[in-house]
Every structure is written in structure tokens, then in C-alpha cells.
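K.L.:
Any chance you can model this:
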Amino acid sequence: MRWARKAIEPLVLLRSRKGASFSSSDAGARSKWIKVGSASLGGIGTLALAWALTGDGDRQRRLKLLWTVPLRLARDVATASAIVAVDYKYSLWGLEEGSLEKTLAKHEVHLRCANRLQALCFKNGGIYIKLGQHLGQLEYLIPPEYVKVMQDSLLDKCPVSSYERVCDVFKSELGRLPHEVFVEFDPEPFASASLAQVHVAKTHDGKKVAVKVQHMHLTDSAAADTATVGFVVNLVYWLFPSFDYRWLLDEVKESLPKELDFNNEIENARMCMDNFKKLSPRIVPFISVPEVHLELSTSKLLTMEFIDGIKVTSVEGIKNLDLRPNDVAKLISEAFAHMIFRHGFVHCDPHAANLLVRVAPSGGGILGQRKRPQLVLLDHGMYKTLEPSIRAHYAGLWKALVFADAQKIKEHSLGLGAGDLYVLFAGVLTMRPWSRVVESSIDHLNVPPSEEGREEIQMYASQYVMELSELLRRLPRVVLMLLKTNDCLRTVDRALFSIEIQGAPVNTYVIVGRESSRALARLQLREGGSNFWSYVSVLVQRLEVELRLLSLQVIAWVALAWQKMNASRPLVIQQG
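P.N.:
Prediction:
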């Protein structure tokens, strides 16, 4: 179980080699932590006091935030100390590596620390919950205890604002109370996320709507969140220079203001649906974005069409609608492949709470046809625009991955900013070790999500902790968001695959491979001209890709048939 020891190191930011004794360097690191933490608390407190007393605006509100910054920072330091210095160090101290006792102890420590981290996210709220959500998608990089705790609690069960706070937002934004704006308004939210919560209401013309209300004063507390996260990230880098996650702070500073402005979300939603209508007409009947009521929406209040759907990871719910989980997985992969390679405008937060599914109006099972799913895209606050060069290299990279072409993988990884860490970049993108990525077998990317596979990936990732930190630091932020999107989609895909074994991960690679090939074909025709030989060249390349993908599907189908046959075969016990 050595991989488990290594897998926790990037999370707790500590590389404990033996765990049997404490060195002077450990004591020095703890001393540095305490000194810097105390000095920073004092410094930030002084700056916050000056801001609260001299700034413009609501003095009472600013004074309330005066203690928020040091309090959040104190929670960060206390939680980090409890996880690093106390639990992992003391609970595992002296236990023999590989023993059952240490294995059980690690499970308990992982679970306790995951709950501590979840409690910190809930208490601080805002971007802490956003970061916790992202941790929940990294199921192959962090211990499963963390993944389960984060996924179960941080997607749509976040802390809620009181109805009084909701009324304050309405009065501030629309000058009226909820019951004055709507005929009906449920004071209890049916969903709550990191930045807002959603209530059901009915308009005066009888339409059922979903009202997204931003948590009160989040704009101000976001500045405090950014300051405290920035402090922690810089402190970690100062204590452990190998772990440079300062790029995370830059991403937060750029994306958070956009997510806090619902007008930006309205525009993103409009552009998303327009792109599907113009560039993806074949699948547009199976994509839905809630219609926005502009007259009842502001930068902190968003009123939109209520769509009754189920979460895409609810396999039981999907079956109850007479839909197939495999069709849902295929539609999700296809929708995001179109966004990346055709639209160049990508939804970058596709976790399970932001994706719903319902029966498509055009796929109701008429004339013997089976029902078709419709994907409902929610929460359009975080999008990225992909420049043509990024799209070209990303498409080229996926084609190279399908063909296990090591030279092309290197070439396109360099184009995306990975530099000499292209081997690690390919591993992060596919969640496969390099030996699997460049295997000559056709099904080299078709690795089932077995426990053995999970252990192999965790061990592979933990061996390159410092290199992974450097890779994330050097990649352009738009590529980082593509990786985040990839993580979210992989988690959804795997949830569908794990219960209904119908080859969902194969669908992902087939669809992404096909769309990347089409993107490269369009690029080649633009650059090479629309002459006869250009078309012939493109056609030959497309046929090569399709044959490769067809082979992958056939192998997956045969493997599935063999698995089902063995599962149904009765167990025969021979008696001697």
C-alpha cells in the first residue's frame, strides 16, 4: 500500500519519509508556520481595520467584514495544522508501513481530515466551496475518502442563506420583496451552491421559474477569500518550495468577479445556445439551456425557466425515464466535444449538479423509436474562449493519443505549454501512465475503472508530485480550465459507467477522437485550400481515424459480451 502513503502527500503538502521520528527540519517548518501565521494575522488585521474605518460605503457592513478576514485566516491555519502537524503525523507515527494496523489508521485519518476540510469549506463558504468541489473531481489523484466527502456535500448541499437575507437581496436589487415580485415564492431553497441558492417561484403570468439568489455580501467576502487563499498558497510555497500553486490565486482573481456578475452568466448562456444552433444543428434538439427572464434578473438575481430534470449521475432516475445511461454519457461527451472543437467557447464547470437530463421532446419513443435524452446545462458563470491555435493543438493532441503517436503527443503538448513535461501532461489528460498512452494496441486507452487501475494511477501521480506542481504552474490558464473540465466530465462518465457497464469511457474517446479529427480536417481545408487533392488527403485521414475508432468499439463490445457471458455462467463446484 505504498501508493496510499504517497497519494496523500500532495494533499497535505508534506513528504514524510518514515514517520518514526521528528527531525529538526520538521520543528523548523512548524516554527516558520507559526511565526508567519501570527505576523500575517496581525498585518492583515491592521489593513482590514484601516479599510473598514476609512473606506466609502456601509460602515457597519465594512466593520463586520473587519473580523471576517482574520477569522477565515485563523480557520485556515488551524485546519492545516490539525491535518498536517497533528493527525497525519501523530496518528501514523511509528506504525509499520504496509501493516493492516497502518492501513486502517490511514483510512480513519483520511476520513477525519476530509471532514475537517469540508467543515472549513462550509464555514468560510464562497471560493472555498468552489475549491472543494474541484477536489471532489480528482478521484484518481486523492484518497477516495476525500472524494466521497467532497462529492456528497459540496455540489448542491452547501450552506444556505436565511430567507431574511434573500429578502435583503431582493430589496437591494429590485426594490421589492419576493412575494411582491412573484405570485408564489418558496422561502426554502431547493438547491444551494457555493455562490448562490435557488428557489422555486411562479410569475404573475403563471410560469414556474427558478430564482437564483446570490449569497448576501459575497462580493465583499470574496475579497477576503482571495486574500486568505492567497496567504495560504504563498505560505505553502514559502514552507515547501516544491509545491507552487500560486497560479491558483491568479485563476481565482480572474474568474471569481465574472461568476459573481449574473449578467455575465446570462450572456454566456445565450452564446452557448446560439453556438449549438448555428454550429451543431444535429444535436441542438438534445441540448437545453434555461430561458432567462431578463426583466426579473440583475447582477445578483437570476430568474430563469424551471426545468424539471434529474441529475446526470442518477442511474436509477435515468432508467425510470426509460433512458439508457450509455446514451446520456454519449450525449454529454458529444456536447462538450462540440463546445471545445467547434464552438471554441466552453462551459468549464460541468460537475454533476450543473448537468440535468430529461426526455427529449423529439425523442419520445414514437413509432418504435427509443426515447432520447436531452442534456440541460446549468450554471453558465464560468466559460473560456479557446483561441484557434489552442483548439488546433488540443485536437492534434487527442488524435495523437488515439493513435499512440509519441512524437505528435510531444509536439502538440509543447504547443499547449507543457514543455518538457509532455509525458506527465498526457498522463494527466488521459489518467493513464505513459506506458499505456503509447502502447501499440488499439485499445490502449480503454482501461476499466478497476481498483487496481485506481491504485496504479494514484501511485503514478504521487511519484511526480513536484513535476505535477510545475506543470500546473506553467500551463496557460485556459489549458488548466480544459483539464478541470476534463476532470469533471470524467467523474460524471465514470459514475454512469460504474453501474451500467456499457462502455461509457470508450464512448468518450471515440467521440473526442472523432471531433478532434473533424476539427483538424476543417483546419487543413482552410489552410490548404479547397482543391481536389486537399479533399482526398482529408478523406484518407478521416478514414484512418474512423477505422481506428471502430476497432476500439469492436474490442470494447467483445470484452463486454465476454464479461456478461462469464457473469451469467453458473458456478460449478467439482467434488473430488
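K.L.:
and the lengthiest strand in the chain, what's its mean pLDDT?
P.N.:
Determined from DSSP state E, the single longest strand within the chain is strand 355-364. Averaging pLDDT along strand 355-364 yields 83.
K.L.:
in the stretch 301-450 of the chain, which spans are strands?
P.N.:
In the stretch 301-450 of the chain, the segments counted as strands under DSSP state E, counting those that start in this stretch are 301-305, 310-311, 345-347, 355-364, 371-377, 383-385.
K.L.:
Show me what the first one is packed against.
P.N.:
Going back to what we said before, that points to strand 301-305. Applying 3 or more CB pairs under 8 Å, 6 or more residues apart in numbering; DSSP states H and E, we find strand 301-305 packed against helix 163-174, strand 208-214, helix 262-279. Placement of C-beta: from N, CA and C, glycine included.
K.L.:
that older thread, out of the strands of the stretch 301-450 of the chain, which gets nearest to residue 322?
P.N.:
strand 371-377 (5.1 Å; CB to CB).
K.L.:
OK, contacts around residue 297?
P.N.:
262, 263, 266, 303, 304 (CB atoms under 8 Å, 6 or more residues apart in numbering).
K.L.:
Is there a neighbour count for the residue nearest to residue 300 when sequence neighbours are not counted? I'd like the number.
P.N.:
Nearest residue to residue 300 in three dimensions, chain neighbours excluded: residue 214, at 4.1 Å (CB to CB, 6 or more residues apart in numbering). Residue 214 has 23 neighbouring residues, counting by other CB atoms under 10 Å.
K.L.:
I'd say residue 214 and residue 260 touch.
P.N.:
Yes. Between residue 214 and residue 260 there is a contact at 7.0 Å, judged by CB atoms under 8 Å.
K.L.:
intersection of neighbour lists for these two?
P.N.:
Both residue 214 and residue 260 are in contact with 195, 300, where contact means CB under 8 Å, 6+ apart.
K.L.:
quick one: the residue nearest the centre of the chain from residue 395, how far?
P.N.:
Against the mean C-alpha coordinate of the chain, by CA atoms, centre = their mean, the closest residue is residue 488 at 3.8 Å. The spacing between residue 488 and residue 395, counted by CB to CB, to the nearest Å, is 20 Å.
K.L.:
try residue 342
P.N.:
Taken as CB to CB, the span from residue 342 to residue 395 is 10 Å.
K.L.:
Look at these two and report which has more neighbours.
P.N.:
residue 395 (25 against 18).
K.L.:
Tell me who's in contact with the more buried one.
P.N.:
Residue 395 touches 341, 515, 516, 517, 519, 520, 523, counting by CB under 8 Å, 6+ apart.
K.L.:
isn't the fourth one right up against residue 542?
P.N.:
Yes. Between residue 517 and residue 542 there is a contact under CB under 8 Å: 5.9 Å.
K.L.:
The two - which one has more neighbours?
P.N.:
residue 517 (25 against 15).
K.L.:
tell me the contacts of the more buried one?
P.N.:
Residue 517 is in contact with 395, 399, 541, 542, 545, 546, counting by CB under 8 Å, 6+ apart.
K.L.:
So what's the residue count around residue 245?
P.N.:
17.
K.L.:
Over to residue 131?
P.N.:
20.
K.L.:
what's the answer for the one 4 residues further on, then?
P.N.:
A count of neighbours around residue 135, defined by other CB under 10 Å, yields 21.
K.L.:
Look up the closest residue to it, ignoring the ones flanking it.
P.N.:
residue 150 is the one closest to residue 135 (CB to CB, 6+ apart), at 5.1 Å.
K.L.:
next one: residue 194
P.N.:
residue 129 (3.6 Å).
K.L.:
so how far is the helix or strand hosting the one you found from its chain's centroid?
P.N.:
Take DSSP states H and E as the rule and residue 129 turns out to sit in helix 127-135. Counting by CA atoms, centre = their mean, to the nearest Å, helix 127-135 is centred 9 Å from the centre of its parent chain.
K.L.:
And it, what does it pack against?
P.N.:
Under the contact rule (3+ CB pairs under 8 Å, 6+ apart), helix 127-135 is packed against helix 100-124, helix 144-153, helix 218-239, helix 246-259.
K.L.:
Please enumerate residues in contact with the first one?
P.N.:
Going back to what we said before, that points to helix 100-124. Outside helix 100-124, the residues that touch it by CB under 8 Å, 6+ apart are 1, 4-5, 8, 12, 72, 75-76, 79, 82-83, 87-88, 91-92, 95-96, 128-129, 131-132, 135, 143, 145-146, 148-150, 153-154, 158-159, 225, 228.
K.L.:
And stretch 209-224, end to end?
P.N.:
33 Å (CA to CA, to the nearest Å).
K.L.:
ugh, wrong one, I meant stretch 295-312
P.N.:
31 Å.
K.L.:
so for it, what's the average pLDDT?
P.N.:
On average, stretch 295-312 scores 96.
K.L.:
Quick one: distance of that stretch to the chain centre.
P.N.:
21 Å.
K.L.:
do stretch 317-332 as well
P.N.:
For stretch 317-332, the distance to the chain centre is 21 Å (CA atoms, centre = their mean).
K.L.:
Could you pull out the buried residues of it?
P.N.:
By neighbour count on 16 or more other CB atoms under 10 Å, the buried set for stretch 317-332 is 318, 321, 323, 324, 325, 326, 327, 328, 329, 330, 331, 332.
K.L.:
what's the answer for stretch 116-127, then?
P.N.:
116, 117, 118, 120, 121, 122, 124, 125, 126, 127.
K.L.:
With respect to residue 195, which of these is nearest?
P.N.:
residue 126 (6.9 Å).
K.L.:
residue contacts, that closest one?
P.N.:
194, 195, 215, 218, 221, 222, 225.
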